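S.K.: Return atomic coordinates for the entry below.
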Amino acid sequence: MKYSYLSILVLLFTSNQLKANGVEADIYNIDKLQSLSLNELLNLEVVSASRKNQKILDAPANITVVTANTIEQRGYENLVEVLKDVPGFDFATGESNAGEYTTHSINRGVGGSPGNVQLLILVDGIVQNHIAFNWSQPWDNQQIFVDLKRIEIIQGPGSATYGANAFSGIIHFITAQSDNEIGDQFLSTIGENNTRSNSFIIDHQFSELYLQASGRLYETDGDSGLGRADPAGYFSAVPWPNISTHHYDEQGNFIQNSPNPYAGTNQQQGYNNQSKDWALRGKAIWQPQKTIDTGFSRFAAGMSIWNQKQGLGNFVTGFEYQTRAASYQKHHSAQSFNIDADYKINSNLSLINKLWYRQNKQLPDTGFQYSYRFIDLVKSYHSVSTQTGFEQQLEWQINPEQNLLLGYRIQSSDKMEQVVSLGHYQNINNQGTHASWKHALSENGLNQYEYAQVNKVDEKAIYIQYQNKLSTNIDYTLGLRHDISDEHDDTTNPRIALTYNADEYINQADWRIKFLYGEAFREPSIFELNDEFRGNNDLQPEKIKTYEIVSQMASNSDFFDASLKTSIFFSQQTDIITLQSDDSESGSGYTNRDHTDTYGFSLDSQWRPSQALSLYINYQYTDGKHACHNNPLAHIAKNKINWGLNYLTLKDTLNINFRSNHVLDRQAPEVNSFFKNNVPNYHVANLLLSYKKLQIGELTITPSIEIKNLFDKKYLGVGRQDGSSDISKYEPNGDNTINPVGFIAPYHPQPGRVIEAKIRVKF
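M.R.: This next block holds a predicted model:
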């Protein structure tokens, strides 16, 4: 590992020596961002709201932007850490470990399905959601942060612009586009439990050609869940069951209710939460230095590859599964390649073209072992899905106030269902398994072949967006998109936005009031249709309508630097795809629930009393009803407060960043076997201390110490999905009580205090 560190440092240093003189510094340059006022920050441009550059203040959406400067100041390492400080996001787990799926989150009361399928994630315009399962990814430490220029977070439906999965919102990672935005750097982190993370970015400008490469390697042994809150003993040293319900002997005979060889002993305490994640990104951008009136104005080619091998953590109960076994893990990977070409027809007309190829793999060593059946055999999963797509967009700037955008997208996907095996791991290229779980469970013997279904799905979409002024102070946006898919009926989704410039009503401030309406859809995934226990082939796409009013203002006074954003929203969901309790082995199955209303409001304020001190506080209230049962929303915090400060002292050399999350009034799921009604509140603080401006030659070195969960609070995440498992019904001596109904733990123990040391080297 030492040699790899050295080679990266040498490469970075060499690149720095070769750097040509760059163009004029971009406004998103990380050093310039530190000196911008809050008003200037709100006048930065974003692209996600309308697929075109617009100022944050004027963008027709409820949008939050996290800049590279904020990422560095707060020490963010993954998307979970970012969104915990954004109003509206709730998490079942406060860390990246989330079991088989990506981290379990809900956005303003919407979502909660396995894998966060209601949220669309993009990196430089390329969709990251799983091709077949719809899971939003990557949330964890296989995401690269050192090359990010900003993260654009849109809350509210976005199907009129982006199609399926833009249901509750959009997360768009924007990477650096020129060599004066981020600059060469290397970031290394070491922490408890043998945690280490190393990231780098190198880039270079060759006249009109910009080249960039970035990467990350993250490894940890994890804390094995030891020492965490576990009030009911779900992950304690639980006795092995006395009976093995299913077993094959050495002669291949199927045996039921045989003596368990581990009877009379206890299972290991805790769970496997080790992780080894890596990622690579690269891009080449050609852009002429002179203004192009007609012809190609930009070419770009990009690639992204990531791999995650991670223990399943506290995803399932520790009395039915061997949660400390090395086989208790997931192993996923993804890759994408894209080519972009922008062409100017004339000064007012532009064509934007994007071609891409994507692949998702669920590798065959994804799996676990039961404690009550097939004890010595691993149940494992694999799948491979691919997608090729092309999108073309015509942008017509009719006049300075009128803009028309027309676009279409065609894509073809091979969506493969999960292959479930028992025994030896399969070849990833098998479209099926030579060790079928289904046949083994049906007494047909081990090592039987089973074919896996691959759905070939063609999808098409056409969309239009028109922006103009209704009056001197009112801008409006009208959007419409029609999607056609082999998997579901045609769907049409509109959006309407009015932006009122209210500057005349307030002195020395910019003020916008936005009236937003949007619709979205989300088709069922192959996972939900065909899951071995919970699948339902009759599922229909779920739909949402959201009405929202956003008020956003920022002072432009030289003596008072502050901003305030308020939002009130109301969402109506129909045909929600959710888990409902039943008599199956898992205790639940997927179904469409008819209707749910969700509503709430948020306040988000920032204040800079001086150049050295900045503060923020935000508050979110969320509530609603499942109309079919008139029950309150589960898994969410009705009230949530986030606040923090950043202080630069000791002659601008010591940077102190403190952040705190207060999560209140969480509602437990209906079938939660441990909590009745509310889950206990929790309050967690994080501290980052950085020593800045340490110069060694041309290197700028920033060492820092980060303490997560500063006060070592013991707290619990609310049960994921349905939380239907009940440890009180587990009896190791009985044949009917060693596998009680349900398998998802009703709470999730969260990590205590974690200390990490970091060093950032800029070239």
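S.K.: Now do the SS call for residue 487.
M.R.: Assigned with DSSP: H, G, I helix; E, B strand; the rest coil, residue 487 falls in the coil class.
S.K.: Was I right to think it contacts residue 456?
M.R.: No. Using Cβ atoms under 8 Å, residue 487 makes no contact with residue 456, being 10.4 Å away. C-beta here means a position set from N, CA and C on the backbone, and glycine is covered the same way.
S.K.: quick one: which of these two has more around it?
M.R.: The neighbour comparison of residue 487 against residue 456 (other Cβ atoms under 10 Å) goes to residue 487, with 17 against 9.
S.K.: do you know how far the more buried one is from residue 410?
M.R.: 15 Å (Cβ to Cβ, to the nearest Å).
S.K.: Where does pLDDT dip in the chain?
M.R.: Low-confidence segments of the chain, defined by pLDDT under 70: 1-27, 30-31, 35, 96-98, 102, 532, 581-588, 627-630.
S.K.: how about the helices in it?
M.R.: Under the criterion DSSP state H, helices of the chain are mapped to 2-18, 30-33, 38-42, 68-74, 79-83, 159-162, 437-441, 526-530.
S.K.: Restrict stretch 124-137 to CA atoms and write it as CSV.
M.R.: The C-alpha trace of stretch 124-137 is given here as CSV (Å, rounded to 0.1, in the frame of the first residue of the first chain):
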residue,chain,number,x,y,z
ASP,A,124,-22.6,14.6,-15.1
GLY,A,125,-26.0,13.8,-16.6
ILE,A,126,-25.6,10.0,-16.6
VAL,A,127,-28.2,8.1,-14.6
GLN,A,128,-26.7,6.0,-11.8
ASN,A,129,-29.8,4.0,-10.7
HIS,A,130,-29.6,0.3,-11.1
ILE,A,131,-30.8,-0.7,-14.6
ALA,A,132,-33.0,-3.6,-13.5
PHE,A,133,-33.7,-3.0,-9.8
ASN,A,134,-34.0,0.9,-9.9
TRP,A,135,-31.9,1.2,-6.8
SER,A,136,-30.4,4.7,-6.5
GLN,A,137,-26.6,4.5,-6.3
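S.K.: Quick one: distance of that stretch to the chain centre.
M.R.: Distance, stretch centre to chain centre, for stretch 124-137: 10 Å (Cα atoms, centre = their mean, to the nearest Å).
S.K.: repeat for stretch 254-274
M.R.: 34 Å.
S.K.: can you check stretch 132-142 too?
M.R.: On Cα atoms, centre = their mean, the centre of stretch 132-142 falls 6 Å from that of its chain.
S.K.: repeat for stretch 83-100
M.R.: In terms of Cα atoms, centre = their mean, the centre of stretch 83-100 is set 9 Å apart from its chain centre.
S.K.: got the CA coordinates for that stretch in CSV?
M.R.: Below are the C-alpha coordinates for stretch 83-100, written out as CSV (Å, rounded to 0.1, in the frame of the first residue of the first chain):
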residue,chain,number,x,y,z
LEU,A,83,-28.1,14.4,3.0
LYS,A,84,-28.3,14.1,6.8
ASP,A,85,-27.7,17.8,7.0
VAL,A,86,-30.3,18.7,4.3
PRO,A,87,-33.9,19.3,5.4
GLY,A,88,-36.3,16.5,4.5
PHE,A,89,-34.1,13.4,4.4
ASP,A,90,-34.7,10.6,6.9
PHE,A,91,-32.4,7.5,7.3
ALA,A,92,-33.0,4.1,8.8
THR,A,93,-29.2,3.9,9.2
GLY,A,94,-26.9,6.7,10.0
GLU,A,95,-24.0,5.1,8.2
SER,A,96,-23.4,3.7,4.7
ASN,A,97,-23.9,0.0,5.7
ALA,A,98,-27.4,-0.9,4.5
GLY,A,99,-27.5,-4.6,3.8
GLU,A,100,-28.2,-5.9,0.3
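S.K.: where do the strands sit along the stretch 201-350 of the chain?
M.R.: 209-220, 243-248, 254-259, 275-286, 295-311, 329-344, 349-368 (DSSP state E, counting those that start in this stretch).
S.K.: Now do the buried residues in the third one.
M.R.: This means strand 254-259. The neighbour-count check on strand 254-259 (16 or more other Cβ atoms under 10 Å) flags nothing as buried.
S.K.: could I get that strand in PDB with only the CA atoms?
M.R.: Written as PDB, here are the backbone C-alpha positions of strand 254-259 (Å, rounded to 0.1, in the frame of the first residue of the first chain):
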ATOM      1  CA  PHE A 254     -32.600 -34.300   1.600                       C
ATOM      2  CA  ILE A 255     -33.200 -34.400   5.400                       C
ATOM      3  CA  GLN A 256     -35.700 -32.300   7.400                       C
ATOM      4  CA  ASN A 257     -35.600 -31.500  11.100                       C
ATOM      5  CA  SER A 258     -32.200 -33.000  11.800                       C
ATOM      6  CA  PRO A 259     -30.000 -32.200  14.800                       C
END
